[in-house]
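Enquirer: Here is my input, please return the structure:
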Amino acid sequence: MGAARVLLLVALLALPGCSLLRRGPEAPSPGAGVPAPPRDLAAIPDAVPRDEPRSRYGNPATYEVFGRKYRVMKSSKGHVERGLASWYGPGFHAERTSSGEPYDMYAMTAAHKTLPIPCFVRVTNLENGRSVVVRVNDRGPFVGDRIIDLSYTAAWKLDMLRAGTAKVEIRVLEPGRRAPPPPVVAAAMPAAPVAAPIAAPVVAPMVAAVATPAAGGGRLLQVGAFGSRANADALVSRLQASGIGGASVSEASVGGRTVFRVRVGPVADAEQATQLADRLRAFGIPDARPALD
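Expert: Now for the predicted structure:
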């Protein structure tokens, strides 16, 4: 049985463009607009809680995604929550967050559906005890039962890059006040950073808005964005071969460059979106999100 597993793994890694390679040791593709990982991710400091006014953007009283209405909290004081965390990486780098700031995958930031933007939270991985402090400046995640989306560096520090998700506790921190200790004893940092996945397939960052309707009704999930039409078409072919239908490519301009976005669907509601996101996660795309434009 052990030999069979080894042979299966070798076969999977040999597949051209196999999604497993996106979590491997490759650096971001040249010209993709994604810088190489810092030499020492552990040296990147956690966010430091400080008094900041509410962002001009990303703080509507309410907003709706996939038919679900979200109400932004008037105050985050004392907020504690437990659930699943996920992370987003190269495909979002330098894109606009809900606060209007460019996303930096190597900064200590996060996305949350209802916390005021900005605010500061301690995130503790309840599976290994590791803990970080991040600044919330984006909205999401909107698919599945995840409660927070973390930056690449924050996810690395929590040792959840390869798994994609982790059970966490998030606790809002108030500037100038002594924070309570984490719920568990912090564990040692990972021995070495996992190199950033290649820059495609990627997805666009979420903002507080209604997801894009598909022709004939329903919503689309975005699963990738490429600088090359050929690479986008290749992902569509792999999705179709795996039994995930309804994939298409659309062209857009992002930050002055042309990107080819791969989307799947339509889905009628949040439940169907979650089911499709679960299939995409099994395929190797853990961060599918509602398409917004």
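Enquirer: Can you show me the helices along this protein?
Expert: Counting by DSSP state H, the segments of the chain that form helices are 2-14, 152-157, 229-241, 270-283.
Enquirer: mean pLDDT for those: which is lowest?
Expert: Among those, helix 2-14 has the lowest mean pLDDT, at a mean of 38.
Enquirer: So which bits of stretch 120-130 are buried?
Expert: Buried residues in stretch 120-130, counting neighbours by 16 or more other C-beta atoms under 10 Å, are found at 120-126, 128-130. Bear in mind the C-beta positions are built from the backbone N, C-alpha and C, glycine included.
Enquirer: which residues does the residue minimising distance to the centre of the chain contact?
Expert: Nearest to the geometric centre of the chain sits Tyr88, at 2.5 Å (C-alpha atoms, centre = their mean). Counting by C-beta atoms under 8 Å, 6 or more residues apart in numbering, Tyr88 touches 103, 105, 111, 140, 149-152, 203, 205, 287.
Enquirer: and if we set it to 6 Å?
Expert: Residues in contact with Tyr88 (C-beta atoms under 6 Å, 6 or more residues apart in numbering) are 149, 287.
Enquirer: Asn59 is in contact with Val72, correct?
Expert: Yes - contact criterion C-beta atoms under 6 Å: Val72 and Asn59 qualify, at 5.5 Å.
Enquirer: what do these two both touch?
Expert: What both Val72 and Asn59 touch, as defined by C-beta under 6 Å, 6+ apart, is an empty set.
Enquirer: And Glu26, what's its pLDDT?
Expert: Here the pLDDT value assigned to Glu26 is 31.
Enquirer: how far is the longest strand along the chain from where the chain is centred?
Expert: In the chain, with assignment by DSSP state E, the single longest strand is strand 257-267. In terms of C-alpha atoms, centre = their mean, to the nearest Å, the centre of strand 257-267 is set 16 Å apart from its chain centre.
Enquirer: Against which helices or strands is that strand packed?
Expert: Applying 3 or more C-beta pairs under 6 Å, 6 or more residues apart in numbering; DSSP states H and E, one finds that strand 257-267 contacts strand 219-226, helix 229-241, strand 248-254.
Enquirer: do that again at 10 Å, thanks
Expert: The contact analysis (3 or more C-beta pairs under 10 Å, 6 or more residues apart in numbering; DSSP states H and E) places strand 257-267 against strand 219-226, helix 229-241, strand 248-254, helix 270-283, strand 289-290.
Enquirer: What's opposite Phe120 in the beta bridge?
Expert: Legend: beta-bridge partners of Phe120 under DSSP bridges are Arg135, Leu173.
Enquirer: Which residues are in contact with it?
Expert: 46-50, 52, 76, 108, 110, 133-136, 171-175, 179 (C-beta atoms under 10 Å, 6 or more residues apart in numbering).
Enquirer: shaky segments in the stretch 101-250 of the chain?
Expert: Within the stretch 101-250 of the chain, the ranges that satisfy pLDDT under 70 run 179-181, 183-217.
Enquirer: could you pull out the strands for it?
Expert: Along the stretch 101-250 of the chain, counting by DSSP state E, counting those that start in this stretch, strands occupy 109-111, 119-125, 131-138, 146-150, 166-173, 219-226, 248-254.
Enquirer: So what's the residue count around the nearest residue to Tyr103 once chain neighbours are set aside?
Expert: Spatially, and ignoring its direct neighbours in sequence, Tyr103 is nearest to Phe92 (4.6 Å; C-beta to C-beta, 6 or more residues apart in numbering). Phe92 has 27 neighbours, counted by other C-beta atoms under 10 Å.
Enquirer: Now do Phe92 against Glu127, distance only.
Expert: Phe92 is 24 Å from Glu127, where distance means C-beta to C-beta, to the nearest Å.
Enquirer: Kindly report the same for Gly227.
Expert: Noted for Gly227: a distance of 36 Å to Glu127, by C-beta to C-beta.
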